[in-house]
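Visitor: can't give you the sequence, but here's the structure:
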C-alpha cells in the first residue's frame with residue numbers, strides 16, 4: 001500500500017487528501033502534506049523500535065492520527081493489528097498477545113491501561129506521543145522511500161481479528177497485494193474517482209471502513225472528511241457535502257426511524273406530501289409508473305437530499321444484510337443505497353452493486369478479478385487475490401477455511417440472481433425444526449426489525465415445533481403505542497405484548513407457515529457490546545444471547 005500512497009501523493013500533490021476537524025472548522029491537508037505527515041510518523045515509529053515485520057497494534061477511537069500511523073506502518077513494512085476501542089480488557093489482551101505485538105498505540109490513557117506486558121505509546125496528546133515525536137522525525141526522504149520500495153505484494157499488511165460471533169477471534173492475515181488489487185478492482189467495478197469526497201464515520205478498526213473508507217480513497221486520489229462522531233454526523237453531512245458514504249444497515253435503519261418519528265408529529269400538508277412521496281417512490285422502486293413523482297420529489301425529496309449535503313451519489317451499505325424495505329425508503333427520496341458484500345477474510349471487497357444496474361435484495365456482482373460459486377449445500381465460496389493468506393498461527397483453521405483449490409468457504413448461504421449474489425443466511429445459523437424443516441432466521445429478523453417498534457429480533461427454533469423470537473423493542477415507541485408509563489417494564493405488559501404481536505402477525509403473513517414466529521418474548525434490556533450480546537461491528541452473538549436467555553427460550557419452546 002505504500003506504493004499506492006506514493007503514487008497518489010505525487011499525482012495529486014496540491015489536492016486535499018483529508019479534511020480534519022479542528023474545533024468548529026476543518027483543516028484541509030493536501031496530498032503533499034499528507035505524505036510528509038506519514039513520513040514523520042514513520043520516523044517516530046522507527047524511533048520507538050518498530051522494524052519490518054513487527055506487529056503494531058492500533059487501539060484508538062477514530063481520528064486522523066489513526067490513519068497517519070496506519071499508513072506509516074504500511075511504508076515501514078510493519079504489520080498493523082487494529083483493535084476496537086469498545087472491546088473489554090481481556091479480549092484486548094488476548095489479541096495483543098496472540099499477534100505478538102511489538103508496540104501498542106493507544107488513543108488514550110484509559111485504553112492504554114487495558115494492556116500489559118508490551119510497550120505502549122499514546123497516539124496523540126503529549127510530546128512523548130507518536131504525534132508529538134512525528135514533528136521532529138529524523139527519517140530522511142530517501143530512507144522513507146526505500147522502505148516503501150522494499151515492500152512487495154506478498155508482504156503482510158495487517159492482521160485483522162474476526163469479531164468473534166462464533167468463538168475465539170482469529171487473526172486474518174491480509175497482504176499488501178490483496179489491498180492494492182482490490183483498490184484497482186473496485187475502481188473498475190463502480191464509478192468512483194479522485195473527484196469524490198468520502199465522509200468517514202465507521203470504526204477504522206473495521207475492515208470495511210479501513211479498506212473502502214481509508215485505503216481506497218487515498219489510492220483513488222479522493223478526499224476523506226473525518227467525522228467527530230454520530231452526534232455531529234447530521235451537521236457534518238451538510239458541511240462537508242460528501243459524494244460517497246460508507247454505512248451499515250443499523251445506521252440507515254436508525255436514521256429512517258428518526259425521520260418517520262419526526263414526520264408522525266407533523267400534521268396537515270407536510271405529512272400528506274411526505275406520505276405521498278413514499279407511495280410514489282415505492283411504485284418507482286418496484287418498476288411501476290408514478291405520475292406525480294417529479295413534483296413530489298421537488299417538494300419533498302430535494303429537501304431530504306439537502307440534509308445529506310445535496311451531493312450524495314450513493315451510500316454503500318456493508319457489514320450485514322440490508323432490509324429491502326430500508327433501501328426502498330431511501331430510494332423514494334432519490335437516495336441510492338448500494339449493497340456490497342465481503343468478509344474480514346476477503347479484505348472486505350468481494351461484491352458490490354453498480355449504480356446503473358443496482359438489484360435490490362442482492363449484494364451485487366463480484367468485483368473485477370474475484371470469483372464466486374455456490375457449493376452444493378448453498379455455501380458461498382470465494383476465490384481471488386483479495387482472499388486472506390491464512391489465519392495467524394492456525395494452520396488447521398486455515399485448511400478448513402481455504403480448500404486445496406483456493407476457494408474460501410465463507411460460512412454464508414447464498415444464491416445467484418442474474419449474475420448477482422443474494423445472501424440468504426449464515427450456514428451455522430440455519431434452524432432445523434423438529435419436523436425437519438430448515439429455516440433461515442436472518443431474513444425473518446430483518447422483516448421484524450423493519451417495524452418502528454422493534455429494535456432487535458433473534459429468531460430461534462432448533463428442534464422446536466416452530467420458530468420463536470426474542471424481541472428487544474424500541475422502548476419509547478412501544479411504551480407510547482401501548483399507553484404505558486415511561487419506565488414501566490415491557491416484559492410483563494399485556495398491552496405491549498398485544499402491540500408487538502400485531503407487528504409479528506403482519507410479518508408472518510408474508511412467510512411460509514413453517515417460518516412463522518409462533519411465540520415470542522419481550523426483553524427489558526437492549527443488546528450492547530458492553531453487556532456481551534453484540535460484537536464491535538454490532539452483530540448479534542447468537543450463542544451469548546441463547547445462553548443468557550436460556551430460561552426464557554425454554555419457556556417459549558414449551559409453549
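Guide: Looks like it came in fine. If you're wondering where the values come from, they're calculated on a predicted model, not measured in any experiment. Numbers count the residues shown, from 1 in each chain.

Visitor: mind showing which ranges of the stretch 1-150 of the chain have poor pLDDT?
Guide: Low-confidence segments of the stretch 1-150 of the chain, defined by pLDDT under 70: 137.

Visitor: all strands of it, in order?
Guide: Counting by DSSP state E, counting those that start in this stretch, one finds strands in the stretch 1-150 of the chain at the ranges 16-22, 25-30, 55-59, 79-83, 101-106, 119-122.

Visitor: residue 440 is nearest to which of the ones you listed?
Guide: With respect to residue 440, and counting by C-beta to C-beta, the nearest of the strands of the stretch 1-150 of the chain is strand 79-83 at 31.2 Å. (Glycine included, C-beta is placed from N, CA and C.)

Visitor: which strands and helices lie in contact with the closest one?
Guide: When contacts are defined as 3 or more C-beta pairs under 8 Å, 6 or more residues apart in numbering; DSSP states H and E, strand 79-83 packs onto strand 55-59, helix 64-76, helix 89-99, strand 156-161.

Visitor: for residue 385, which non-adjacent residue is closest in space?
Guide: residue 181 (4.1 Å; C-beta to C-beta, 6 or more residues apart in numbering).

Visitor: hmm, I typed the wrong one, I wanted residue 129.
Guide: Computed as C-beta to C-beta, 6+ apart, the closest residue to residue 129 that is not its neighbour in sequence is residue 122, at 4.2 Å.

Visitor: and the one you found, what is it in contact with?
Guide: Applying C-beta atoms under 8 Å, 6 or more residues apart in numbering, one finds that residue 122 lies in contact with 105-109, 112, 128-130.

Visitor: are any of those residues buried, and which?
Guide: Buried positions within the contacts of residue 122, assessed by neighbour count (16 or more other C-beta atoms under 10 Å), are 105-107, 112, 129-130.

Visitor: format the residues you listed as JSON lines; extra columns: distance to residue 438.
Guide: Below are the buried ones among the contacts of residue 122 laid out as JSON lines (distance: C-beta to C-beta, whole Å):
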{"residue": "105", "distance to residue 438": "46"}
{"residue": "106", "distance to residue 438": "46"}
{"residue": "107", "distance to residue 438": "44"}
{"residue": "112", "distance to residue 438": "48"}
{"residue": "129", "distance to residue 438": "54"}
{"residue": "130", "distance to residue 438": "51"}
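
Visitor: let me know the closest of the residues you listed to residue 161.
Guide: The shortest separation between residue 161 and any of these is 16.1 Å, and it belongs to residue 105 (by C-beta to C-beta).

Visitor: distance check, the closest one against residue 132.
Guide: For residue 105, the distance to residue 132 (C-beta to C-beta, to the nearest Å) stands at 13 Å.

Visitor: repeat that for residue 87.
Guide: From residue 87 across to residue 132, the span is 26 Å (C-beta to C-beta).

Visitor: neighbour count winner among those two?
Guide: residue 87 (23 against 15; other C-beta atoms under 10 Å).

Visitor: setting aside sequence neighbours, what's the nearest residue to the more buried one?
Guide: Leaving out its chain neighbours, the residue that sits closest to residue 87 by C-beta to C-beta, 6+ apart is residue 536, at 6.2 Å.

Visitor: do a quick rundown of the strands in the stretch 201-350 of the chain.
Guide: According to DSSP E, counting those that start in this stretch, the strands that the stretch 201-350 of the chain contains are 223-226, 244-247, 314-317, 337-341.

Visitor: point out the most buried one among those strands.
Guide: A comparison of those by mean neighbour count, using mean count of other C-beta atoms under 10 Å, puts strand 337-341 on top with a mean of 25.

Visitor: most centrally placed residue in the chain?
Guide: In the chain, the C-alpha closest to the average C-alpha coordinate belongs to residue 319, at a distance of 4.0 Å (C-alpha atoms, centre = their mean).

Visitor: pretty sure it sits against residue 248.
Guide: Yes. Under the criterion of C-beta atoms under 8 Å, residue 319 makes contact with residue 248 at 4.3 Å.

Visitor: quick one, what contacts the residue nearest to residue 385?
Guide: The neighbourhood of residue 181, defined by C-beta under 8 Å, 6+ apart, consists of 369, 384-386.

Visitor: quick check: domain ranges of this protein?
Guide: Taking automatic domain parsing as the domain assignment, the ranges for the chain are 2-151, 430-558.

Visitor: quick one, phi/psi of residue 445?
Guide: Note on residue 445: its backbone torsions stand at phi -60, psi -40 [degrees, to the nearest 10].

Visitor: how many residues are close by it?
Guide: By other C-beta under 10 Å, 23 other residues sit near residue 445.

Visitor: excluding its backbone neighbours, what's nearest it?
Guide: Ranked by C-beta to C-beta, 6+ apart and with sequence neighbours excluded, the top spatial neighbour of residue 445 is residue 457, at 4.6 Å.

Visitor: the one you found belongs to a strand?
Guide: Yes. Applying DSSP: H, G, I helix; E, B strand; the rest coil, one finds residue 457 inside a strand.

Visitor: bridged to it, which residues?
Guide: According to DSSP bridges, the partner residues bridging residue 457 are residue 471.

Visitor: wait, it touches residue 468, no?
Guide: No. No contact is recorded between residue 457 and residue 468 when judged using C-beta under 8 Å, the distance being 10.7 Å.

Visitor: show me where pLDDT drops low in this structure?
Guide: Judged by pLDDT under 70, the chain has its weakly predicted residues at 137, 163-167.

Visitor: name the single longest strand found in it.
Guide: In the chain, with assignment by DSSP state E, the single longest strand is strand 408-417.

Visitor: contact partners of that strand?
Guide: Here strand 408-417 makes contact (C-beta under 8 Å, 6+ apart) with 343, 345-346, 359, 362, 372, 374-375, 377-383, 387-388, 400-403, 421-428, 430, 440.

Visitor: which ChimeraX command selects the buried ones in those residues?
Guide: To isolate the buried ones among the contacts of strand 408-417 in ChimeraX, judged by 16+ other C-beta under 10 Å, type:
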select :343,345,346,359,362,372,378,379,380,381,382,383,387,388,401,402,421,422,423,425,426,427,430,440
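
Visitor: the contacts of strand 408-417 in strands, which ones?
Guide: Judged by DSSP E, the subset of these located in strands is 372, 374, 379-383, 421-426.

Visitor: now, which of the residues you listed sits nearest residue 448?
Guide: For residue 448, the nearest member of the ones in strands among the contacts of strand 408-417 is residue 425. The distance, counting by C-beta to C-beta, is 14.8 Å.

Visitor: I figured that closest one hits residue 445, correct?
Guide: No. Taking contacts as C-beta under 8 Å, residue 425 lies outside contact range of residue 445: 9.9 Å.

Visitor: re the thing from before, of the contacts of residue 122, closest to residue 65?
Guide: residue 130 (7.2 Å).

Visitor: I'd say that closest one and residue 46 touch.
Guide: No. With contact taken as C-beta under 8 Å, residue 130 and residue 46 are classed as non-touching, separated by 11.0 Å.

Visitor: could you list the buried residues of stretch 353-373?
Guide: 353, 358-360, 362-367, 370, 372.

Visitor: could I get the residues you listed in CSV, plus columns for distance to residue 22?
Guide: CSV is the format used below for the buried residues of stretch 353-373 (distance: C-beta to C-beta, whole Å):
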residue, distance to residue 22
353, 36
358, 37
359, 42
360, 40
362, 41
363, 37
364, 37
365, 40
366, 41
367, 36
370, 39
372, 44
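
Visitor: now for the nearest residue to residue 157 once chain neighbours are set aside: which residues touch it?
Guide: Distances taken as C-beta to C-beta, 6+ apart place residue 176 nearest to residue 157, at 4.6 Å, with adjacent residues excluded. Taking C-beta under 8 Å, 6+ apart as the criterion, residue 176 is in contact with 1-2, 74, 151-157.
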